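**Q** coords please:
(2 chains)
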2 protein chains.
Amino acid sequence: MGELERIKKQILRQLVKKPSTFWELINYQDSHIVTFLQAIKDLLNEKLIIYEKPFFHINNNLDVPPYKNPGCLMCSPFTEDIFWKNILDKFLELVKDRPLPTSDFDQGFIKPEDTLKRTAFIYKRGDLEDSEIFILGDDDLISLSMALTKLPKRIVVVEIDERINKFIKEKAKEIRYENIEVYNYNVIYELPEELKGKFDIFVTDPVETEKGLKLFISRCISALKGKGSAGYMGFTHREASLRKWYDFEKFLLDSGFVITDILRDFTTYPEKENQWEDFYRTYRIMKEFDLDLPNVDWYKSCFIRFEVVEGPKILNIPMPKDLEELYFDEEAWATPLPSFLEKKEG
Amino acid sequence: MGELERIKKQILRQLVKKPSTFWELINYQDSHIVTFLQAIKDLLNEKLIIYEKPFFHINNNLDVPPYKNPGCLMCSPFTEDIFWKNILDKFLELVKDRPLPTSDFDQGFIKPEDTLKRTAFIYKRGDLEDSEIFILGDDDLISLSMALTKLPKRIVVVEIDERINKFIKEKAKEIRYENIEVYNYNVIYELPEELKGKFDIFVTDPVETEKGLKLFISRCISALKGKGSAGYMGFTHREASLRKWYDFEKFLLDSGFVITDILRDFTTYPEKENQWEDFYRTYRIMKEFDLDLPNVDWYKSCFIRFEVVEGPKILNIPMPKDLEELYFDEEAWATPLPSFLEKKEG
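**A** Numbers count the residues shown, from 1 in each chain, chains lettered A, B, ... in the order given. Have a look, this model is predicted:
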């Protein structure tokens, strides 16, 4: 939708709550003064807002959902506006009987609270309302948390695990949300033509091997519309070295993105709910050091946002030559061995 | 000091509080599993810690200051460990009679609480204790907030404003802190040879013109030791477009840094304390739109951390041809006209 449109949304949803000065408003949007002023001038020209110095007012006839403050997403999420607390309750209920991770797809979901934190952060950025959203891999079920807000224009999930696809479709029907589409999709294939260049944002939690990482993000990039579109992804320090972060950031910049946010350890993978005790015996870290199973949640990931400033370009990247190379490299020390590889090893 | 040393510090300061499992400890350090395990093995070999499965213990003879939790730096800083609350009180007292901003150096300080938040974030990363710290420009007086923690090995401030240099020296003497050095320094000149390649981290709040920005950071880079050294800086969306962010991130990566943290709107510039009402008449934004003076604090900056993965390289950059080009470009809409330029204009 472009940066300017995003800023206008951030302004309107604040202004519908109360008349505000230029300086008050600038605190509720993300952009440079020049873009902010342009957004203000556009809204005045379109007669969506009125200026009675020193206050801007929203046009009375305008029907805009007011901004819902999700609270501090780092330490006390969903403690401000009841809107978010209600969605959290519904989401927790909705995902209760979710499919459990299988080692065949290197799965593992984050805490449902953290999934909603991601949705709320996307909302804060103005990237949720009226957006067309592309999700590659959704064992976190973020599509459903977004659906519960009723704010996006369109949500498309592409996912390899039929169990998850079935689950999302059933639950979307249960909550009567119709703007969601689910595709069975394997990341080693190109994206279907009808999904290319159609989305404002993407969200993904990629595998973190050097080749897998770029493959995931490359597929996502091909789904974006262009300048002002944004990517969101989870990325860990646990299984990705700073050298890998560096290479990946270079890849992002070369693709035409600026990195706008890095939220360290924003999300946690709960040991108990994932029930992956049995996976540990195949983790490389357990073979390298004499360890008991974890007594606390320890696998965390950062949440990163990046925005297209030009292009985006689809770069040539080396393809993983098989599934082993998709899931494993020298840094994958807490990745389960898929059953088909385990058989091979045994 | 290198990434490994930093991780070892993060482990020891936690372990001195209580024996912990591998999985508990990993949550208190920043690195990849492989580096974390290496740090553990080193500490075992050096007999600084002991492993009695499943717990690691610190060697009884070891004198390490325990980790002091600064609380949530996004919404409720200094509410956990009293250590930080005490420092905040002392710091507020210390800076009461600070020099006020002058338009001649594009000054403006952040809230003292936010200066300490920066210090606490640097501490969380393991970059404060026993570190050699380089600060370019210090109207925020972060050097004094660091001095109050007594944790750094050496603090060097280079600053153009003699009033600030005098103030820092006086106050350092007042609190009997001796590991601080203050140099009178103008960024257009190369760094003195004795300061090159000597520091673990730098902190700066650069001017944000395209040329000025790179000049500031380039001088800082030349002060760093090498791999594992880190840079910290304030950077705004208010006066820097995403295109400028993009160019700057490219500059950072080309110099050999990976960006590890971006904390959006982490710091606020208080209108009242800065007493810069008089500057506004020279701001470009006031000429472009009919505005009253601000009724709220509105100028905010992000805090960014980046770490050397190779080099760092000192790139060739275009020098600003005069002071006007150092302070002004097309995006500087809230920068005061220095008196020497005002005279020229008038």
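**Q** alpha carbons only for contacts and neighbour counts from here, please
**A** Fine.
**Q** so what's A:Gly2 up against?
**A** A:226-229 (CA atoms under 8 Å, 6 or more residues apart in numbering or on different chains).
**Q** Sorry, wrong one. I was asking about A:Glu5.
**A** Per CA under 8 Å, 6+ apart, neighbours of A:Glu5: A:Ala39.
**Q** Format the CA atom coordinates belonging to stretch A:332-345 as CSV.
**A** Taking Å, rounded to 0.1, in the frame of the first residue of the first chain, the C-alpha atoms of stretch A:332-345 are listed here in CSV:
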residue,chain,number,x,y,z
ALA,A,332,21.7,-26.2,13.3
TRP,A,333,22.4,-27.6,16.8
ALA,A,334,18.8,-27.7,18.1
THR,A,335,17.0,-28.9,15.0
PRO,A,336,15.4,-32.4,15.1
LEU,A,337,16.4,-35.0,12.6
PRO,A,338,13.4,-35.7,10.4
SER,A,339,12.2,-39.4,10.4
PHE,A,340,13.2,-39.9,6.8
LEU,A,341,16.8,-38.8,7.5
GLU,A,342,16.9,-40.8,10.8
LYS,A,343,16.1,-44.0,8.9
LYS,A,344,18.9,-43.1,6.4
GLU,A,345,21.4,-42.6,9.3
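**Q** That stretch and chain B, any residue contact?
**A** Yes: applying CA under 8 Å from any CA of the partner chain, one finds stretch A:332-345 touching chain B at A:Trp333.
**Q** Next secondary structure after the lengthiest strand in chain A?
**A** If you go by DSSP state E, chain A has its longest strand at strand A:257-269. Once strand A:257-269 ends, the next helix or strand along the chain (criterion: DSSP states H and E) is helix A:271-274.
**Q** Grab the nearest non-local neighbour of the residue of the stretch 1-150 of chain A at minimum distance from chain B.
**A** Using CA to the nearest CA, A:His32 is the residue of the stretch 1-150 of chain A that sits closest to chain B, at 4.5 Å. Nearest residue to A:His32 in three dimensions, chain neighbours excluded: B:Arg238, at 4.5 Å (CA to CA, 6 or more residues apart in numbering or on different chains).
**Q** List the contacts of the residue positioned nearest the centre of chain A.
**A** By CA atoms, centre = their mean, the mean C-alpha position of chain A lies nearest to A:Val203, the distance being 3.3 Å. By CA under 8 Å, 6+ apart, the residues touching A:Val203 are A:133-136, A:231-233.
**Q** What helix or strand is it located in?
**A** Using DSSP H and E, A:Val203 falls within strand A:201-204.
**Q** swap in A:Val157?
**A** Per DSSP H and E: strand A:154-159 holds A:Val157.
**Q** what's that strand packed up against?
**A** In terms of contacts (3 or more CA pairs under 8 Å, 6 or more residues apart in numbering or on different chains; DSSP states H and E), strand A:154-159 is packed against strand A:132-136, helix A:142-149, strand A:180-184.
**Q** let's go with 6 Å and repeat that
**A** Judged by 3 or more CA pairs under 6 Å, 6 or more residues apart in numbering or on different chains; DSSP states H and E, the packing partners of strand A:154-159 are strand A:132-136, strand A:180-184.
**Q** so after that strand, what's the next helix or strand?
**A** Using DSSP H and E, the helix or strand that directly follows strand A:154-159 along the chain is helix A:162-174.
**Q** Chain A against chain B: which residues are in contact?
**A** For chain A, the contact set with chain B under CA under 6 Å from any CA of the partner chain comprises A:23, A:27, A:31-33, A:237-239, A:241, A:246, A:258, A:261-262, A:294, A:298.
**Q** Chain A: strands as residue ranges?
**A** Using DSSP E, strands in chain A cover A:20-21, A:49-52, A:55-58, A:71-72, A:76-77, A:132-136, A:154-159, A:180-184, A:201-204, A:230-235, A:257-269, A:299-308.
**Q** quick one: strands adjacent to the fifth one?
**A** What that stands for is strand A:76-77. Counting by DSSP bridges, the strands paired with strand A:76-77 are strand A:71-72 (antiparallel).
**Q** and A:Glu24, what is it in contact with?
**A** If you count contacts by CA atoms under 6 Å, 6 or more residues apart in numbering or on different chains, A:Glu24 has none.
**Q** Read off the pLDDT value for it.
**A** Note for A:Glu24: predicted pLDDT of 97.
**Q** before we move on, what about A:Glu277?
**A** Among the per-residue scores, A:Glu277 shows a pLDDT of 82.
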